[in-house]
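S.K.: just need the structure, nothing else, for what follows:
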Amino acid sequence: MRLAAALIRASSVIFGVVGLGYLLVPAAMLSIVGIDSVATTDFLMRTEGVALFTGAGFLWAARDGRPDQLRLVLAALAGYYVLGSIVDLQAFTKGIVGPASVPSAVVRIALGSVCALAVVRVIRESVAPA
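M.R.: Residues are numbered from 1 along each chain as shown. Down below sits the predicted model:
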């Protein structure tokens, strides 16, 4: 269960840092993937920042949860990381975002895969005889 807690803690920190970045410097965050900043994109980034920063708190609260809670949180994180990366890769293929989005997507797909594997480990550990 240490892997599960470590993934959730790391994700909480990632969500918090990225959320603050989206809230405080949306133009800088957009520029990383080659998107121009306008009032509409800044508004949307700040809205996403609020959600991510709030999510960081929820993740932190769940870091030492019961096995059933850890499974749910890790499965949700796996979905978030993988599906978000698929959206980013599709945006890249359509020329919406620049090439910097590709390494980020690859890392997040890997992280999502590790979260999915951690779900299996939590299941195995929770049913294994003590």
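
S.K.: C-alpha from now on. contacts and neighbour counts both.
M.R.: Fine.

S.K.: got the phi/psi numbers for the residue nearest the centre of the chain?
M.R.: Computing the C-alpha centroid of the chain and ranking residues by CA atoms, centre = their mean puts Tyr81 first, at 4.9 Å. With angles defined as degrees, to the nearest 10, Tyr81 sits at phi -60, psi -50.

S.K.: would you confirm that it contacts Arg108?
M.R.: Yes. If you go by CA atoms under 8 Å, Tyr81 and Arg108 touch, sitting 5.2 Å apart.

S.K.: so which residues of this protein form strands?
M.R.: Assigned by DSSP state E, the chain shows no strands.

S.K.: for this structure, give me the ranges with low pLDDT.
M.R.: Residue ranges of the chain with pLDDT under 70: 130.

S.K.: can you pull out the helices in this protein?
M.R.: All helices of the chain, identified by DSSP state H, fall at 2-24, 26-32, 39-62, 67-93, 101-127.

S.K.: now, of those helices, which is deepest in the fold?
M.R.: Compared across the helices of the chain, helix 2-24 shows the largest average neighbour count, a mean of 19 (mean count of other CA atoms under 10 Å).

S.K.: which other helices and strands contact that one?
M.R.: Secondary-structure packing of helix 2-24 (3 or more CA pairs under 8 Å, 6 or more residues apart in numbering; DSSP states H and E): helix 39-62, helix 67-93, helix 101-127.
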